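Q: sequence plus the predicted model coming up.
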Amino acid sequence: MIRSMTAFARKEAQGDWGTLTCEIRTVNHRYLEPSFRLPEQLRELETGFRDRLRQGLKRGKVDVSMRFQPVETEAQNFEVNDDLTRALNEAANHVNRILDNPAHISALDILRWPGVLSMPEQDFSAAKEAAGELFAETVDELVSVREREGERLRPLFDDRLKEMSAFVAEVRERMPQLLEAQAQNIRDRFAKAQVELEEDRLAQEMVMLAQKSDVAEELDRLDAHVTEVSDTLQRDEAIGRRLDFLMQELNREANTLSSKSIDAEVTRTAVDLKVLIEQMREQVQNIE
């Protein structure tokens with residue numbers, strides 16, 4: 001199955017605890033590279049989020065953003081650390097007795113001291129549970145989007161693979177005619193030079209020409225690679241790296257076909273093949 005690495009998904013959840021919004025955006029990347037922006041109240045969930053992300057995605061640069069708006073509650077009373085406050089007051093009075101010109105210490109000065117004033121810790125357990133469920137739903141939606149985007153590429157691959165098969169078949173069919181035309185060229189050159197051409201000499205020339213221009217193996221490998229690409233597109237797994245390797249192999253065979261060409265038409269066909277391969281390769285870079 002073709003899955004694109006470019007996708008976006010957004011989900012939102014609400015409850016008595018407030019409102020959660022999760023957004024995941026992915027682009028192509030050689031490996032799976034996630035980054036998270038989570039509110040402080042949910043920071044501890046990142047490890048679990050990473051594990052869940054790896055279950056659904058294999059490759060891509062992934063940006064995860066989650067926003068949390070807690071529900072507004074009635075003002076909560078501050079808690080004052082009485083023991084610390086008394087200790088600070090006694091320490092201040094002791095210092096004032098020593099000083100010639102003591103300064104008055106206010107209640108606000110003491111309240112600014114770390115640990116004196118605090119607020120009761122809020123319970124975000126319900127919000128954390130909801131965040132985990134929301135993240136899983138967003139990942140599932142993202143995977144679906146990547147699959148839909150990937151499947152839109154299938155006609156592009158199918159059309160180009162068919163064209164490549166047709167080009168290969170055309171070259172294969174023309175090769176005997178091309179070799180015969182080259183043999184006639186050899187006869188014409190010898191006739192023009194008024195040199196008698198022995199059949200043995202012609203046979204030797206033809207053998208050398210056939211060896212130099214033999215592209216049967218290249219054509220066979222092109223056919224095999226085209227079939228392998230088609231089969232790979234049917235796999236229900238991450239196929240991007242395998243397709244990238246196959247594009248390299250197809251391009252190598254097309255280059256060899258061009259270098260061995262003894263006919264302008266075959267050379268043009270080799271160029272056409274490379275154009276089709278490059279068009280597929282550009283799309284492969286975005287496949288998981």
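A: Done, it's in. Numbers count the residues shown, from 1 in each chain.
Q: wouldn't L273 be in contact with N255 here?
A: No: if you go by Cβ atoms under 8 Å, L273 and N255 don't touch, sitting 9.5 Å apart. (Glycine included, C-beta is placed from N, CA and C.)
Q: neighbour count for the two, which is higher?
A: A side-by-side neighbour count of L273 and N255, using other Cβ atoms under 10 Å, places L273 first with 24 against 15.
Q: any idea which helix or strand carries the residue lying closest to that one once chain neighbours are set aside?
A: Distance criterion Cβ to Cβ, 6 or more residues apart in numbering; nearest residue to L273, sequence neighbours excluded, is A254 at 4.3 Å. Here A254 sits within helix 240-259, counting by DSSP states H and E.
Q: same question for that helix: list its buried residues.
A: Judged by neighbour count using 16 or more other Cβ atoms under 10 Å, the buried positions of helix 240-259 are 240, 242-243, 246-247, 249-251, 253-254, 256-258.
Q: what mean pLDDT does that helix get?
A: Mean pLDDT, computed over helix 240-259, is 93.
Q: packing partners of that helix?
A: helix 216-232, helix 264-284 (3 or more Cβ pairs under 8 Å, 6 or more residues apart in numbering; DSSP states H and E).
Q: how is this protein divided into domains?
A: By the assignment in automatic domain parsing, the chain contains the domains 7-73+124-151, 79-118, 154-284.
Q: closest to M1 out of these?
A: Closest of the domains of the chain to M1 is domain 154-284, at 5.0 Å (criterion: Cβ to Cβ).
Q: so how far is that closest one from its chain's centroid?
A: Here domain 154-284 is found 32 Å from its chain centre; the criterion is Cα atoms, centre = their mean, to the nearest Å.
Q: end to end on that domain, go ahead and measure it.
A: 11 Å (Cα to Cα, to the nearest Å).
Q: over to T21. Which of the three states is it?
A: Assigned by DSSP: H, G, I helix; E, B strand; the rest coil, the conformation of T21 is strand.
Q: wait, it touches E12, no?
A: Yes: if you go by Cβ under 8 Å, T21 and E12 touch, sitting 4.9 Å apart.
Q: between those two, who's got more neighbours?
A: T21 (16 against 12).
Q: list the contacts of that one.
A: T21 makes contact with R10, K11, E12, M66, R67, according to Cβ atoms under 8 Å, 6 or more residues apart in numbering.
Q: neighbours around M280, how many?
A: 21.
Q: now the residue lying closest to it once chain neighbours are set aside: how far from L88?
A: Excluding the flanking residues, the one nearest M280 by Cβ to Cβ, 6+ apart is R160, at 5.5 Å. R160 sits at a distance of 78 Å from L88 (criterion: Cβ to Cβ, to the nearest Å).
Q: can I get the domains of the chain in JSON lines with distance to M1?
A: What follows is those, written out as JSON lines (distance: least, Cβ to Cβ, whole Å):
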{"stretch": "domain 7-73+124-151", "distance to M1": "6"}
{"stretch": "domain 79-118", "distance to M1": "54"}
{"stretch": "domain 154-284", "distance to M1": "5"}
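Q: before we move on, the earlier item: tell me the one of the contacts of T21 nearest Y31?
A: Taking those together and measuring to Y31 by Cβ to Cβ, the closest member is M66, at 22.7 Å.
Q: now that closest one: which helix or strand?
A: Going by DSSP H and E, M66 is in strand 60-70.
Q: check G48 too.
A: helix 46-56.
Q: just the C-alphas of that helix, formatted as PDB.
A: Provided in PDB are the C-alpha atoms of helix 46-56 (Å, rounded to 0.1, in the frame of the first residue of the first chain):
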ATOM      1  CA  GLU A  46       5.600  12.200  25.800                       C
ATOM      2  CA  THR A  47       7.200   8.800  26.200                       C
ATOM      3  CA  GLY A  48       3.900   7.000  25.700                       C
ATOM      4  CA  PHE A  49       3.100   9.200  22.800                       C
ATOM      5  CA  ARG A  50       6.400   8.300  21.100                       C
ATOM      6  CA  ASP A  51       5.700   4.600  21.500                       C
ATOM      7  CA  ARG A  52       2.200   5.100  20.000                       C
ATOM      8  CA  LEU A  53       3.600   7.100  17.100                       C
ATOM      9  CA  ARG A  54       6.000   4.300  16.200                       C
ATOM     10  CA  GLN A  55       3.100   1.800  16.000                       C
ATOM     11  CA  GLY A  56       1.500   3.800  13.200                       C
END
